[in-house]
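A.B. asks: my questions are about this predicted structure, shown below with the sequence.
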Amino acid sequence: MKKRDVNNRLMMLFTQHRKRLWALAYSVTRDYHLAEDTLQETSIAILNASEKFDESRPFLPWALGITRNQSLKTVRKHAKQAKPMSSETLTILQDKLINYVEDGEERFKALKDCLSELSSENRRVMAMKYFDKKSADEISSEIKRSETATFSLLQRLRFTLAKCVKAKMGRLAHE
Amino acid sequence: MSNKDLKLIDGYLNNSLSKDELQLFNERMQEEEFSDLYLEFVLQEEMLEDALEGEALELQAERKLKKVRQLTYFVALAASLLIAFQFYKFLNPVAVLDQISGHIVLVRDGQERIIAKDLKLSPGDVLRTNVGNARILYSDGTQINLDEKTTLLVYGSSKGKKILLNHGRLDADVAPQPDGKPLILQTPLAQAEVLGTSLSLTSLKGESVLNVTEGAVRFKNLKGNKDVVKAGQFARAMENAPILAQVVKPKIEIKPRENDPEVLKHDRWLKHSFKLRKDKDLVAYYDFQSLKEKGSKYLLNKADATSGLPLDGELNNVLPIEGRWRGKKSLYFSEFSYVDCGRHEVFNLQKALTIFTWVKVKSLDRHFQTIVSKGDSSWRLARFQESDTLEFACSGLRGSPYLRGVKPLPVNKWLLITATYDGNEVKLYRDNQLELAIKAEGEVLVNDLRVLIGNNSQLPNRNFKGWIDELGIMKRAMSHQEIQVLYDAGKP
C-alpha cells in the first residue's frame, strides 16, 4: 500500500477511535485544552510512525500506546500538572478502552435527556464550564456565588448526571 | 454508584487528591466496577461540550443581548437582535463547507460519506478532495480553499481554529484572529500560526512549503525551530533541516554565459578552488558544491592531500541553500544545526594552522556561537561570549591563547573570516584586511574531540545561526597575500 493510502487509512481509524484516545489523553492531562493538543500531537505522531504500522494488527492498542506517550510528554512539559495515575492504572485504562463496547449514540442521548432534567439555571452553569471552558472562579463571579459554592455545585451536577446516565443506560440494557 | 467513589474520580480529574488519595485511586482502579465508573465519567466529560451546545448558544445570545441593551437600550429591539446575532457569530466561529466541486469525501466517526454543500464541520472531521475543490468558510470570514488531492483534519476549540493538512495544498485567506488564538495550520512536518493573512500551504512527502502573500506567519517545525515568513517569502519544512524564510525570487533571465556576472563569478572562484585543493598543507577543504537541495547527508572533503581519509562532514539539521551567488551552494545553520567532520588526528594542528571560511550571520542569540571548533580545549572560531565580535582561541599557546576581534560582526552580509597561527603570532583577518594580531608561541593542545562546523562538541548549545559557504583548514599559516587571492576569487 502506498504511504498516502496508509496515511488516509490511519486518519480514518484515528477519527473512528478519537473518543477513546481523547479519554486516555484527558485521563493523563486532566485538562480539556491539553487533551485536545495532545490528540493533535498524537495524530501527527501516528502519521510519522505510519511505516511502523502493521496492518495485520489492530490499530487501537497501537494508537493508545502513542497517545499515552504523547500525554505523558505533555504533562512533563507542563510542570504545574499534578502527578497522573500510576503506570499500572494507565495500563488498566488502556485495556478497558480497547474492550469498551461503543455505545456513544445511546450514551449521548441519555446525557441530553439527563441534562434536560436539570433546571435551566444549572444547565447554564454547566454550559459555562463545558462549552465556554470557564474556570470555577469565572463562573462564580458570573452567577454571583462563592468559588467554593460554585465548585460544589458543578461537582454535584456532574454526579447527578453520571447517576442519571447510568440509570438510563441500565434501563436501555434491560429493554 | 456512591458519592464517595464519584468524589474520588472527580478529585483525580480536578487534580485535587492528596498523595494518599491518589494511591487509593490507583488501588481502586484495579476494581472492575470502579474503573468502569471512571471510564463512564470521563466519556461524560468528553460529551458534555456537544451536549450543551444548544444551551450555550442561548446563553451567549442572551449575554450579547444584555450587553447590547446596556449600551444601546434606546435602539429598537430588531436592531439589537441583529447586532447580537452578528456579535454572536463573530465570537463563535463555526466552519462550514460552502463551496464544493467534484468528488469530496468526509470521514466522520470512522464513516466515509460523499458530502453536499453547506455542511457544518465538527472537530475531528477529515476532508478528502480527490478530483475536486472545496472551501471551508468560518463565520469570521476566514476562507480555506482545498486543492485537488488534499486531505485534512479539522480541529478547533475555544482556543482557536486548527487544521491538520496531511497532504495536498490549501490556500488560506485569514481574517484577523483574536489575541492569543491564532489559526493553527499543521502538517506532519511543521506548524503555521496565522493571525490574519493570505497564504498557501503545501504538504508533500518529506516537505511542507508555506508561501505568504500578505501579512506574516510564524512557521515552525516539529523540533521547534522557527522563522517568521512575511509577504513575498516562502519557507520549507523538511525533516532534519531548519526553517528559513526566503524571498520568492523572480524567474531568472537567461543570459549568454559570457555576459552573466553570476556565471563569471562562479568560474573565477572555481578556478581558484581547483588550485587551492591541491595545496599539500590543506588538511580539509569543504567547497559545499556537493550539496543538493534535498537528500544530501555529507559535506565532502575536497582536499587532495587528505583524500581517502574519513573527513567528510555529516549533516545534522542544516538546510542546503544558495550561497554567495547563483550556483554556489551553502548551508544554513540554526539552533539545532551542525556538521560533524569527525575526530581524525589530522585535525590536531599543534605548530601552525589556518581556518578560513565564508560566513553570513543571521543572528547572534547564544553565547559563544561557533563557526568551527575542535571542542573547547584546542582550536576554535566562535562569537566571543555574548558580544558581537569574534574570538579565535588556541588553547595551550603561551602569551595569549585568545584573540578577540574588535569589529562588530555584521548581520546578513557575507564575510571571509581567516584565522592563522604561525608559531609567533595569532592573526584574525576579515575579508582581505588584517583585523588583529597578537604575539603567541608554543603548541596548540590536542584532544580527541570531534570537529564540528556550527557547534562545539565539548560544550554544545553553541549553534551558529546563519550561513556558511566554503571552509578550509590548513596546517600552516596562510600569508596575507594568499588571503587576498582567496578573497578576490570568492568575494560575492
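C.D. replies: Thanks, I have the structure now.

A.B. asks: report pLDDT for the residue of the stretch 51-200 of chain B found nearest chain A.
C.D. replies: Relative to chain A, the nearest point of the stretch 51-200 of chain B is B:G110 (2.5 Å; CB to the nearest CB). Heads up, the C-betas are built off the backbone N, CA and C, glycines and all. Residue-level confidence at B:G110 comes out at 72, pLDDT.

A.B. asks: hmm, it is touching A:L13, no?
C.D. replies: Yes - contact status for B:G110 versus A:L13: in contact at 7.0 Å, counting by CB atoms under 8 Å.

A.B. asks: the more surrounded of those two?
C.D. replies: A:L13 (19 against 14; other CB atoms under 10 Å in any protein chain shown).

A.B. asks: now for the residue of the stretch 51-200 of chain B closest to chain A: which residues touch it?
C.D. replies: Neighbour list for B:G110: A:M12, A:L13, A:T15, A:Q16, A:H17 [criterion: CB atoms under 8 Å, 6 or more residues apart in numbering or on different chains].

A.B. asks: so which of those reach chain B?
C.D. replies: Among these, the residues within reach of chain B (CB under 8 Å from any CB of the partner chain) are A:M12, A:L13, A:T15, A:Q16, A:H17.

A.B. asks: burial of the fourth one, as a residue count?
C.D. replies: Using other CB under 10 Å, A:Q16 is surrounded by 19 other residues.

A.B. asks: hmm, B:R108 and it touching each other?
C.D. replies: No - here A:Q16 lies out of contact with B:R108, judged by CB under 8 Å, at a distance of 9.5 Å.

A.B. asks: for chain A, give me the ranges with low pLDDT.
C.D. replies: Under the criterion pLDDT under 70, the flagged ranges of chain A are A:1-4, A:79-82, A:172-175.

A.B. asks: which residues of it fall in helices?
C.D. replies: Remark: helices assigned in chain A by DSSP state H are A:3-16, A:18-29, A:32-48, A:59-77, A:87-99, A:104-117, A:120-130, A:136-143, A:147-174.

A.B. asks: please identify the most buried of the ones you listed.
C.D. replies: Each of the helices of chain A was scored by mean neighbour count; the highest is helix A:18-29, a mean of 24, by mean count of other CB atoms under 10 Å in any protein chain shown.

A.B. asks: neighbouring contacts of it?
C.D. replies: Contacts of helix A:18-29 (CB under 8 Å, 6+ apart): A:14, A:32, A:34-36, A:38-39, A:42, A:60, A:63-64, A:67-68, A:70-72, A:74-75, A:78, A:81, A:84-85, A:90, A:93-94, A:97, A:100, A:104, B:13, B:39, B:42-43, B:45-46, B:109, B:124.

A.B. asks: now do it against helix A:3-16, angle only.
C.D. replies: Between helix A:18-29 and helix A:3-16, the angle comes out at 70 degrees (axes from the mean of the first three to the mean of the last three CA atoms, to 10 degrees).

A.B. asks: B:F288 belongs to a helix?
C.D. replies: No - counting by DSSP: H, G, I helix; E, B strand; the rest coil, B:F288 is not found in a helix; it is coil.

A.B. asks: so how far is chain A from B:Y12?
C.D. replies: 7 Å (CB to the nearest CB, to the nearest Å).

A.B. asks: for that residue, list the residues it contacts.
C.D. replies: B:Y12 touches A:R30, A:M85, B:L22, B:F25, counting by CB under 8 Å, 6+ apart.

A.B. asks: which helices and strands sit right next to the helix or strand encompassing the third one?
C.D. replies: According to DSSP states H and E, B:L22 maps onto helix B:19-28. With contacts defined as 3 or more CB pairs under 8 Å, 6 or more residues apart in numbering or on different chains; DSSP states H and E, the secondary structure elements packing on helix B:19-28 are helix A:87-99, helix B:3-13.

A.B. asks: return the distance of it from the chain's centre.
C.D. replies: 43 Å (CA atoms, centre = their mean, to the nearest Å).

A.B. asks: what angle sits between it and helix B:3-13?
C.D. replies: Using the same axes, to 10 degrees: helix B:19-28 against helix B:3-13 is 110 degrees.
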